[in-house]
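Q: Everything below, folded, please.
(one chain, ligands or ions: 1)
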Amino acid sequence: MTIAINNLHKRFGKNQVLKGVDLSIDEGHIYAILGPNGSGKTTLIKSILGMVIPDKGSITVLDRTIKKDWKYRKKIDYLPQIANFPPNIKVKELINMIKDLRNSPSAEKELIELFGLGPFLDKKLSTLSGGTKQKVNIVLTFMFDSPLIILDEPTTGLDPKALIRLKELIQKEKAQGKTILITTHIMQFVEEMADEILYLLEGEIYFKGSIKKLMEQTKQTNFEHAIAAITTSDSHA
Ligand SMILES: Nc1ncnc2c1ncn2[C@@H]1O[C@H](COP(=O)(O)OP(=O)(O)OP(=O)(O)O)[C@@H](O)[C@H]1O
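A: Below you'll find the model as predicted:
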């Protein structure tokens, strides 16, 4: 099992965001973490990354309890929802900086080509468009070869060509046996990419299963409608 989460709780002040999340993630699949705005998707992801400290519960990543060992983070490639990099550095400086920090083999050249970033390498980050910045973030995420990939809203700002490239890239990683977690509000992306849906609601995993299972349980023929119908049907995990 790639990730095992038991009875995870997290509160910010009076806001109890996670109220006992139980979850197991198997190797080699693409999981879509879904749920309404503010349901705790990013909080769950950050807990797995050790960036949010849970109040209660346990998380193991690649068979290690994460509390005791931060080194597991080297095995995760993470694309944050909002990346805050220094605005005055150039794209190639940023790529080199991240390479130095990770000190692992990296394959940035092919990715720079894939997303047409060659002409932007000498440009400062502050001068890039939102979509171009996202392409840079995608390069930074995928240039390492980690068994676990976590993508928080990866499609933000991407044009159709870049979106196709991203989808191909994710499928390629899956074919290599990697485990991929994705949050997104783009249901077409989920329908095309996800093997399994994890639906967070009111601090718990409300539904876990394939798209087929979701359609059957909600008695819907359209995926977007099935997602919208989760809470009104008897789909509780
Ligand atoms: N560092 C923090 N301090 C205080 N509250 C926080 C913090 N991080 C998240 N929250 C709150 O926790 C709740 C869940 O936020 P989170 O970002 O995990 O939701 P989400 O499901 O990812 O939402 P979205 O779909 O809008 O991205 C929200 O009410 C948010 O305001």
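Q: Run through the residues of this protein sitting next to the ligand.
A: Residues of the chain found near the ligand (C-beta under 6 Å from any ligand atom) are Phe12, Asn15, Val17, Gly35, Asn37, Gly38, Ser39, Gly40, Lys41, Thr42, Thr43. Where C-beta positions appear, they are placed from N, C-alpha and C, glycine not excepted.
Q: Out of the residues you listed, the closest to Thr65 would be?
A: Nearest to Thr65, judged by C-beta to C-beta, of those is Thr43 at 19.3 Å.
Q: who does whichever strand or helix holds the closest one touch, helix- and strand-wise?
A: Per DSSP states H and E, Thr43 falls inside helix 41-49. Other elements packing on helix 41-49 under the criterion 3 or more C-beta pairs under 8 Å, 6 or more residues apart in numbering; DSSP states H and E are strand 3-12, strand 15-25, strand 30-34, strand 56-61, strand 76-79, strand 148-152, strand 179-183.
Q: Out of those strands, which gets nearest to Leu49?
A: When the helices and strands packed on helix 41-49 are compared by C-beta to C-beta, strand 76-79 sits nearest Leu49, at 6.0 Å.
Q: how about the helices of the protein, start to end?
A: 41-49, 91-102, 108-114, 130-142, 160-175, 187-193, 211-218, 223-229 (DSSP state H).
Q: What lies in contact with the helix or strand bottoming out on mean pLDDT in the chain?
A: The helix or strand of the chain with the lowest confidence, counting by mean pLDDT, DSSP states H and E, is strand 64-65 at a mean of 86. Residues outside strand 64-65 that contact it (C-beta atoms under 8 Å, 6 or more residues apart in numbering): Ser58, Ile59, Tyr72.
Q: Kindly report the same for stretch 125-136.
A: Outside stretch 125-136, the residues within contact range by C-beta under 8 Å, 6+ apart are 83, 85-91, 94-95, 115-117, 120, 154, 156-159, 162.
Q: low-scoring pLDDT stretches of this structure, where are they?
A: 68, 233-237 (pLDDT under 70).
Q: re earlier: in PyMOL, how would I select just the buried ones from the residues of the chain next to the ligand?
A: Selection of the buried residues among these in PyMOL, burial being defined by 16 or more other C-beta atoms under 10 Å:
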select buried, resi 17+35+39+40+41+42+43
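Q: quick one, what contacts the residue nearest in space to the middle of the chain?
A: By C-alpha atoms, centre = their mean, the mean C-alpha position of the chain lies nearest to Leu151, the distance being 2.3 Å. Contact partners of Leu151, counting by C-beta under 8 Å, 6+ apart, are Tyr78, Leu79, Thr141, Ile170, Ile180, Leu181, Ile182, Thr183.
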